[in-house]
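>>> this is a predicted model, with the sequence first.
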There are 2 protein chains.
Amino acid sequence: MKTKPKILITNDDGIDAPGIRHLWNALKDHADLTVVAPSHEQSATGLSITIRQPLHIRKVEWSEGGNAWSVSGTPADCVKLALNVVLSGPPDLIVSGINRGSNAGRNVFYSGTVAGAIEGVMHDIPSIAFSCQEFKNPNFLLVESYVPSIVDYVLTNPMPKGTLLNVNFPKLDNGAIKGFRMTRQGQEFWIENPDMRTHPLEGSAYYWLGAKLAEFDEHEDSDITWLKKGYLTAVPVHVGELTDHVHLSASKNAFERLLAR
Amino acid sequence: MKTKPKILITNDDGIDAPGIRHLWNALKDHADLTVVAPSHEQSATGLSITIRQPLHIRKVEWSEGGNAWSVSGTPADCVKLALNVVLSGPPDLIVSGINRGSNAGRNVFYSGTVAGAIEGVMHDIPSIAFSCQEFKNPNFLLVESYVPSIVDYVLTNPMPKGTLLNVNFPKLDNGAIKGFRMTRQGQEFWIENPDMRTHPLEGSAYYWLGAKLAEFDEHEDSDITWLKKGYLTAVPVHVGELTDHVHLSASKNAFERLLAR
């Protein structure tokens, strides 16, 4: 009999968010699951880690007696404490989500959900981030039904070290996913659109960052493009080295000469 | 007469940190400066942005009547509010730092200092991050003396869109920088080393993440390697697309077949 894989579940919407329950439901029959997730919402915290506050970790009631802990920090904090404090050994896989809202395009740099998976591959653990383009009313039950085969695919077809799979589910205007694309990361990301308000006591101005999409002329084969067409997208995202090798080769000599004293 | 370049200064150690004053001193005679920096320390907050709290922005007293504002958020928040609220147009350059502690290797993913520069290139503004390997007692005066030529280099030799310059100053055992290297990003990063303590009232366990270096067999031409030898390093860091193209080409068909229903 095959041993069930050990899977760590985290997210950035917080341990009480519905998406993480659906992720657990999707995998409960297929894997030995442990949940370690933020006690409060941590959307858009990127790969932030908590070094100026201590982290509190608490056992949480979970359906069917599942193993679940909350951490008073970010998704990256959760993965760090899971690996060092909660689990007795590294899991076979880390899954993060299911996020409410798209993490396609350059949102990978800002997303807490993706950061959970980044922290995983930083520790050489295969990792997947799951997100829904639909923000207000995601069809988590439909998403749930696709999770096991994607997880099984990653467990049986290992990704390279440092590469995670960033999965996004399209908005479903007609209730159906049109198909699947493993594709490139697009360029779109949320930019600020600050909304100024006035503090009720001080009378001073304060701001909500707000958000609007910075639109780009996307590659025809990108997650942004395929999501718009109604396809589920999976981008193999590599984190490790960000060197601009073209610029490095072109500029190395000039830079080093300029600064020689 | 040449118009002075417009430069936005930010950091992650907070507006009261000494490093940002030294950055301002280094550039005050060369540029039209605006400081927009976090009101409190934001080390290791990565590209986190604040969407569940409003942001307060306040004019701050600065030496020689300099223009300075504090923002109750992260370095990325500071850049966003600077571009949308404080400045009347995009600056010619964003500089972030001078950070206490190395941001070489894979610390680029966690660093708030580098995130200030990432947020800059996300908006197509040339950006530089300055950090000192020495944490406890950095020689900011020496660092300050190198800043103007590096800034001038980037202003006169534009980097590609999406590419920032990540500059790190070595520990100075003998008081001298051995030389300059434009080089590759190394693989080293800080991993957790949790320190368990007991809460004085609850008696419950809590954790400080702590940190120890995950060591790697670094490329001989990497920032980690050159810093160890006493060289100033500058890595052109590209943020935009993280697609693992090798894995994408190899796995696209298998992934798309597997999931076809």
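Looks like it arrived, so ask away.

>>> please count neighbours and contacts with C-alpha atoms only from this point.
Noted.

>>> scan chain A for its longest helix.
Longest helix in chain A by number of residues, with DSSP state H as the criterion: helix A:140-156.

>>> how far away from the center of its chain is that one?
Offset of helix A:140-156 from its chain centre (CA atoms, centre = their mean, to the nearest Å): 15 Å.

>>> what helix or strand does residue A:247 sit in?
Using DSSP states H and E, residue A:247 maps to helix A:245-259.

>>> is that helix anywhere near chain B?
Yes: if you take CA under 8 Å from any CA of the partner chain as the test, helix A:245-259 does meet chain B, through A:245, A:247-248, A:251-252, A:255-256, A:258-259.

>>> and the least confident of those residues?
Least confident of the residues of helix A:245-259 next to chain B in the model: residue A:259, at 67.

>>> so for stretch A:124-144, what gets flagged as buried?
For stretch A:124-144, the neighbour count (16 or more other CA atoms under 10 Å in any protein chain shown) marks A:124-134, A:138-140, A:143-144 as buried.

>>> in the stretch 51-200 of chain A, which spans are strands?
A:55-59, A:67-71, A:93-100, A:127-132, A:163-169, A:180-182, A:189-191, A:195-198 (DSSP state E, counting those that start in this stretch).

>>> and those strands, which one is worst for confidence?
strand A:189-191 (a mean of 90).

>>> rewinding a little: now do the longest helix of chain A and helix B:245-259, the angle between them.
Counting by axes from the mean of the first three to the mean of the last three CA atoms, to 10 degrees, helix A:140-156 lies at 120 degrees to helix B:245-259.

>>> and helix A:140-156 with chain B, contact?
Yes: judged by CA under 8 Å from any CA, helix A:140-156 and chain B are in contact via A:149-150, A:153.

>>> up against chain B, what does the stretch 1-150 of chain A have?
A:43-51, A:53-57, A:77, A:80-81, A:84, A:106, A:109-110, A:149-150.

>>> 7 Å - rerun?
A:44-49, A:51, A:54-57, A:80, A:106, A:109-110 (CA under 7 Å from any CA of the partner chain).

>>> in helices only, show me these.
If you go by DSSP H, these have residue A:80 in helices.

>>> what is the lowest-pLDDT residue among the residues of the stretch 1-150 of chain A next to chain B?
Lowest pLDDT among the residues of the stretch 1-150 of chain A next to chain B: residue A:44, 86.

>>> who are the contact partners of it?
For residue A:44, the contacting residues are A:110-112, B:48-49, by CA atoms under 7 Å, 6 or more residues apart in numbering or on different chains.

>>> nearest residue to the residue nearest the centre of chain A in space, please, no chain neighbours.
Chain A has residue A:114 as the residue nearest its centroid, 1.9 Å off, counting by CA atoms, centre = their mean. Excluding its sequence neighbours, the residue lying closest to residue A:114 (CA to CA, 6 or more residues apart in numbering or on different chains) is residue A:129, at 5.4 Å.

>>> hmm, the one you found is touching residue A:93, no?
No: in this structure residue A:129 lies outside contact range of residue A:93 using CA atoms under 7 Å: 11.0 Å.

>>> low-scoring stretches of the stretch 151-261 of chain A, by residue?
Counting by pLDDT under 70, the stretch 151-261 of chain A shows low-confidence ranges at A:173-174, A:259-261.

>>> spell out which parts of it neighbour chain B.
So the stretch 151-261 of chain A meets chain B at A:163, A:179-185, A:187, A:192, A:206-209, A:235-244, A:247-248, A:252, A:255-256, A:259-260 (CA under 7 Å from any CA).

>>> neighbours of the closest residue in space to residue A:238 that isn't next to it in sequence, just the number please.
Counting by CA to CA, 6+ apart, residue A:238 lies nearest to residue A:163, which is 4.2 Å off, once chain neighbours are set aside. Neighbour count of residue A:163, defined by other CA atoms under 10 Å in any protein chain shown: 28.

>>> again with residue A:38
26.

>>> per-residue pLDDT, it?
97.

>>> need the contact list for it.
By CA under 7 Å, 6+ apart, the contact set of residue A:38 is A:12, A:14-15, A:70-75, A:78.

>>> adding distance to residue A:225 as columns, could you present the residues you listed in a markdown table?
A markdown table is the format used below for the contacts of residue A:38 (distance: CA to CA, whole Å):
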| residue | distance to residue A:225 |
| --- | --- |
| A:12 | 25 |
| A:14 | 29 |
| A:15 | 31 |
| A:70 | 36 |
| A:71 | 36 |
| A:72 | 36 |
| A:73 | 33 |
| A:74 | 30 |
| A:75 | 28 |
| A:78 | 32 |
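
>>> from these, which is closest to residue A:28?
Nearest to residue A:28 among the contacts of residue A:38 is residue A:15, at 16.5 Å by CA to CA.

>>> residue A:37 is in contact with that closest one, correct?
Yes: distance between residue A:15 and residue A:37: 5.2 Å, which falls inside the contact criterion (CA under 7 Å).

>>> the two: who's more crowded?
Between residue A:15 and residue A:37, counted using other CA under 10 Å, residue A:37 has the larger neighbour count: 36 against 23.

>>> relative to strand A:67-71, how tilted is the helix or strand hosting that one?
Using DSSP H and E, residue A:37 maps to strand A:32-38. On the basis of the same axes, to 10 degrees, strand A:32-38 is oriented at 20 degrees to strand A:67-71.

>>> alpha carbons only: can I get strand A:32-38 in PDB?
Presented in PDB, the C-alpha positions along strand A:32-38 are these (Å, rounded to 0.1, in the frame of the first residue of the first chain):
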ATOM      1  CA  ASP A  32      -1.400  13.300   5.300                       C
ATOM      2  CA  LEU A  33      -2.200  17.000   5.800                       C
ATOM      3  CA  THR A  34      -1.000  19.700   8.300                       C
ATOM      4  CA  VAL A  35      -2.300  23.200   8.200                       C
ATOM      5  CA  VAL A  36      -0.100  26.100   9.400                       C
ATOM      6  CA  ALA A  37      -1.600  29.400   8.300                       C
ATOM      7  CA  PRO A  38      -1.700  33.100   9.400                       C
END
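
>>> so it versus strand A:93-100, what angle?
50 degrees.

>>> quick one, strand A:32-38 and strand A:55-59 angle?
Using the same axes, to 10 degrees: strand A:32-38 against strand A:55-59 is 140 degrees.

>>> partners of strand A:32-38 in the sheet?
Paired strands of strand A:32-38, with direction, are strand A:6-10 (parallel), strand A:67-71 (parallel) (DSSP bridges).

>>> how far off centre is that strand?
15 Å.

>>> what's the answer for stretch A:34-44, then?
In terms of CA atoms, centre = their mean, the centre of stretch A:34-44 is set 11 Å apart from its chain centre.

>>> same check on stretch A:16-29?
So, by CA atoms, centre = their mean, the centroid of stretch A:16-29 is 15 Å from its chain's centroid.

>>> and if you look at stretch A:44-64?
Taking CA atoms, centre = their mean, one finds stretch A:44-64 lying 15 Å from the centre of the chain it belongs to.

>>> list the contacts of the closest residue to residue A:5 other than its chain neighbours.
Distance criterion CA to CA, 6+ apart; nearest residue to residue A:5, sequence neighbours excluded, is residue A:31 at 5.0 Å. Each residue near residue A:31 by CA under 7 Å, 6+ apart is listed here: A:4-7.

>>> quick one: pLDDT of residue A:31?
Looking at residue A:31, its pLDDT is 97.

>>> quick one: it and residue A:61, what's the gap?
Distance from residue A:31 to residue A:61, counting by CA to CA, to the nearest Å: 19 Å.

>>> now residue A:47
Where residue A:61 is concerned, residue A:47 sits at a distance of 27 Å (CA to CA).

>>> okay, those two: which has more neighbours?
When neighbours are counted by other CA under 10 Å, residue A:47 comes out ahead of the other of residue A:47 and residue A:61, with 30 against 11.

>>> okay then, goodbye and thanks.
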